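S.K.: Got a predicted structure here, sequence first:
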Protein chains: 2
Amino acid sequence: MDKLHIHIDVSPELFVKNPDNSDLGKKIVTNSIELIHELGFENFTIKKLSIKIGSPESTMYRYFESKHMILFYLIYWYWSWIEYRLVFKTHNLPSAEEKVKSAIKLLTESVEEDSTFSHINEILLDRIIMSEAVKAYFTKRIDLQTEQTHFSVYKRVVERVSQMILEINSNYPYSHMLVSTLIEGAHQQRFFAENIPSLTDVNNDPCYITKFYEQLVFNSISK
Amino acid sequence: MDKLHIHIDVSPELFVKNPDNSDLGKKIVTNSIELIHELGFENFTIKKLSIKIGSPESTMYRYFESKHMILFYLIYWYWSWIEYRLVFKTHNLPSAEEKVKSAIKLLTESVEEDSTFSHINEILLDRIIMSEAVKAYFTKRIDLQTEQTHFSVYKRVVERVSQMILEINSNYPYSHMLVSTLIEGAHQQRFFAENIPSLTDVNNDPCYITKFYEQLVFNSISK
DNA sequence: GCGAATATAATAGTATTACTATTATTAATA
DNA sequence: TATTAATAATAGTAATACTATTATATTCGC
């Protein structure tokens, strides 16, 4: 079966020239993902990227205003992709419970296959978001416009899941807080499981993070 | 009433020369807290610190190996202080429920008064941990020895609260995960409430974060 | 209270890095 | 073919983390 021809549009505030419209642009995105994953965002430099690609540094700046903007671009892309999958997966499910279950699974499990979008490795991107995105959130430097832009997609994801929860219990007062705790907590637990395992309850079950948050959510919202 | 003469020892791997043993050292710690709070960790530089203090940059390096080590020192100090308060506050409480309640309060509320330790402003430090500590956790650069050292106190806090939870329900399988979700989630919610309020359920009640996590924990562990 | 160790000051310097500027060359396009 | 735009090649700037060196205080054993 052919792949769907879907395309994720990233807000134009996040780039100087749309990297999606040229081979070089896609190469920058592809290689940024690989390098950030490999080195961590602090050790990722434009010089290293330009050497990996074989084009001068100045060319990178013709696509992205700064190295931070590359990370924001990737984060925006990621959450747009998650939102698309969230809508797709929960569509037509018969009950609110099943929708929430499906959402929790999507938001807590690691991405295991790389398929839909040719030049983006979703597995690596997922791992970058897990370990590097907090550094982008918790910053005062970025201008407000950009911050608004970036968080708009993230907020929409939170809002969508929040609405599903309110379908189950319309009186639950902390739906947004619960969803963002779930999203960030799951990323953090995955990071801990890999890097500081004694902070989690690692066991043989590969789904334990999902199970934990499923239990957490349903116990919290049941009347 | 006189203050208690307690003293928090920071692991010697985290400094070159113990800043607690000299006036200049204490000045470095005091002013680092103020500057990191004011500028954020990225914009905090040793040069700015040295200008604020009025001593040359090289002197800073005689106390701390790097600017990162200053942050690790502060994080270590913070969690030792939290651990001390945790033990103190839960001591002699009659039931495990009350211990857990008290622990949740301690771990989720903002620090509002600065008292015990003369040269450390606990209010500012608490705010630094809330907004800057994630950047220190999520890093691959630091050497393993230091990472172990730093996390040892944090882990002990998680372990202590975890034990209290198991006192209530010894079959609960996710106690560590629940506690670290609580700790990091509360910091994150406080950060969101200040910086990206639409991601939380802000309302007039100043204790809503505490209430949310209290409900979350007790609903999760009740049999 | 003297001499030796130690702490700090003053200053200079290196390597890295984010980012800019300039000009040459190639590719796309009208 | 002429024009425009994209990219390459190269150089340069300012900031910064950190090191090195020497001079001047301060502390402390005796």
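M.R.: Perfect, thanks for sending it. Residues are numbered from 1 along each chain as shown, chains lettered A, B, ... in the order given.
S.K.: okay, CA-based contacts and neighbour counts for the rest of this
M.R.: Will do.
S.K.: buried set for stretch A:169-178?
M.R.: Across stretch A:169-178, burial judged by 16 or more other C-alpha atoms under 10 Å in any protein chain shown covers A:172, A:174-178.
S.K.: Near DNA strand C, which residues of chain A are found?
M.R.: Chain A has residues A:42-47, A:57-58, A:61, A:65-68 near DNA strand C, with proximity defined as C-alpha under 7 Å from any atom of the strand.
S.K.: Show me the shaky parts of chain A.
M.R.: The model of chain A has pLDDT under 70 over residues A:1-5, A:116-117, A:138-147, A:204, A:223.
S.K.: show me what contacts the spatially most central residue of it?
M.R.: Centre of chain A computed as the mean C-alpha position; nearest residue by C-alpha atoms, centre = their mean is A:Tyr78, 4.1 Å away. A:Tyr78 sits next to A:125-126, A:129 when contact means C-alpha atoms under 8 Å, 6 or more residues apart in numbering or on different chains.
S.K.: What is the distance between the one helix or strand it maps to and the centre of its chain?
M.R.: If you go by DSSP states H and E, A:Tyr78 is part of helix A:67-90. Mean C-alpha position of helix A:67-90 versus that of the full chain (C-alpha atoms, centre = their mean, to the nearest Å) differs by 5 Å.
S.K.: Then stretch A:98-111?
M.R.: Mean-position distance between stretch A:98-111 and its chain equals 13 Å (C-alpha atoms, centre = their mean).
S.K.: For DNA strand C, what is the nearest residue in chain A?
M.R.: Nearest to DNA strand C, among the residues of chain A, is A:Ser66, at 3.3 Å (C-alpha to the nearest atom of the strand).
S.K.: what's around that residue, how many residues?
M.R.: A:Ser66 sits with 16 neighbouring residues when counted by other C-alpha atoms under 10 Å in any protein chain shown.
S.K.: For it, give me its contacts.
M.R.: Not one residue lies near A:Ser66 by C-alpha under 8 Å, 6+ apart.
S.K.: Look up how far B:Ser58 lies from it.
M.R.: According to C-alpha to C-alpha, to the nearest Å, A:Ser66 and B:Ser58 sit 31 Å apart.
S.K.: cool, A:His37 as well?
M.R.: As for A:His37, its distance to B:Ser58 is 34 Å (criterion: C-alpha to C-alpha).
S.K.: neighbour count winner among those two?
M.R.: A:His37 (19 against 11).
S.K.: helix or strand for that one, which one?
M.R.: Going by DSSP H and E, A:His37 is part of helix A:23-39.
S.K.: any idea how far that helix is from the chain center?
M.R.: Taking C-alpha atoms, centre = their mean, one finds the center of helix A:23-39 at 16 Å from the center of the full chain.
S.K.: Could you check which residue of chain A lies nearest DNA strand D?
M.R.: A:Ser55 (3.8 Å).
S.K.: Quick check: residues of chain A near chain B?
M.R.: Applying C-alpha under 8 Å from any C-alpha of the partner chain, one finds that chain A approaches chain B through A:40, A:131-132, A:134-135, A:138-140, A:155, A:158, A:173-177, A:180-181, A:184-185, A:189, A:198-201, A:212, A:215-216, A:219-220.
S.K.: Let's see which of those end up in strands.
M.R.: Applying DSSP state E to the residues of chain A next to chain B, no entry is found in strands.
S.K.: which of those count as buried?
M.R.: For those, a burial check counting by 16+ other C-alpha under 10 Å picks out A:40, A:131-132, A:134-135, A:138-140, A:155, A:158, A:174-177, A:180-181, A:184-185, A:189, A:198-201, A:212, A:216, A:219-220.
S.K.: for A:Asn43, phi and psi?
M.R.: When quoted as degrees, to the nearest 10, the phi and psi of A:Asn43 stand at phi -90, psi 0.
S.K.: what's near enough to touch it?
M.R.: Contacts of A:Asn43 by C-alpha under 8 Å, 6+ apart are A:Ile36.
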